[in-house]
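Trainee: Sequence plus the predicted model coming up.
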Amino acid sequence: MRPERSVSVIVVTWNSAGEVAACLDSVLVQGGVVREVVVVDNGSTDGTLDLLAGYRDRVRVIRNGCNLGFAEGSNIGIRASSAPFVLTLNADARLAPGALERLVAALHADPDAGAASGKLVKGSAPGRLDSTGIALHPFYRFPFDRGENEADCGQYDGGGYVFGVTG
């Protein structure tokens, strides 16, 4: 059983001044489930850090001197996190209201689950799915993004098991 419900949200930025505010705003309205928000900046030069200064009382910023990439930036943020659950986000991601509470509830409902993900919808094509998780082709066993480029008609609203999550 997983008794605690709090989440550390890790956002990795690199020259993300045009997108990170919408990302952070969508995270900060998630409510009490968010223990902390950690932004790992990979050496931005476009004003991202100036923008982040406006969030200083709600967001912890870790500055890397150079672009270490999303994976290493995420790892740095995870090492600095304190909650039992961690969500990593690209700076262009937006969370739907209540998304984190639903993800934590899914993890609590299945103590054997190692990860949870919501539907990823294409920002450039609203209503079109990017992924609902990584599935394996039933015959060839190669991985693919389930639902990729499909119209979101609720066909994946019920949840279910996938091979992995994507972002």
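Mentor: Received the coordinates, thanks.
Trainee: Only C-alpha atoms from now on, for both contacts and neighbour counts.
Mentor: Noted.
Trainee: now the residue lying farthest from the centre of the chain, what's its secondary structure?
Mentor: In the chain, residue 139 marks the outermost C-alpha relative to the chain mean, sitting 30.5 Å out by Cα atoms, centre = their mean. Following DSSP: H, G, I helix; E, B strand; the rest coil, residue 139 is assigned to coil.
Trainee: show me the contacts for it.
Mentor: Under the criterion of Cα atoms under 8 Å, 6 or more residues apart in numbering, residue 139 has no neighbours.
Trainee: Residue 11 too?
Mentor: 37, 38, 39, 40, 74, 77, 88, 89, 90, 91 are the contacts of residue 11 under Cα under 8 Å, 6+ apart.
Trainee: The same query, at a cut-off of 10 Å, please.
Mentor: 20, 23-24, 27, 37-41, 61, 70, 73-74, 77, 87-93 (Cα atoms under 10 Å, 6 or more residues apart in numbering).
Trainee: what's the distance between residue 69 and residue 34?
Mentor: 24 Å (Cα to Cα, to the nearest Å).
Trainee: And the two? Which one has more around it.
Mentor: residue 34 (21 against 13; other Cα atoms under 10 Å).
Trainee: so what's the more buried one scoring on pLDDT?
Mentor: On the pLDDT scale, residue 34 is placed at 96.
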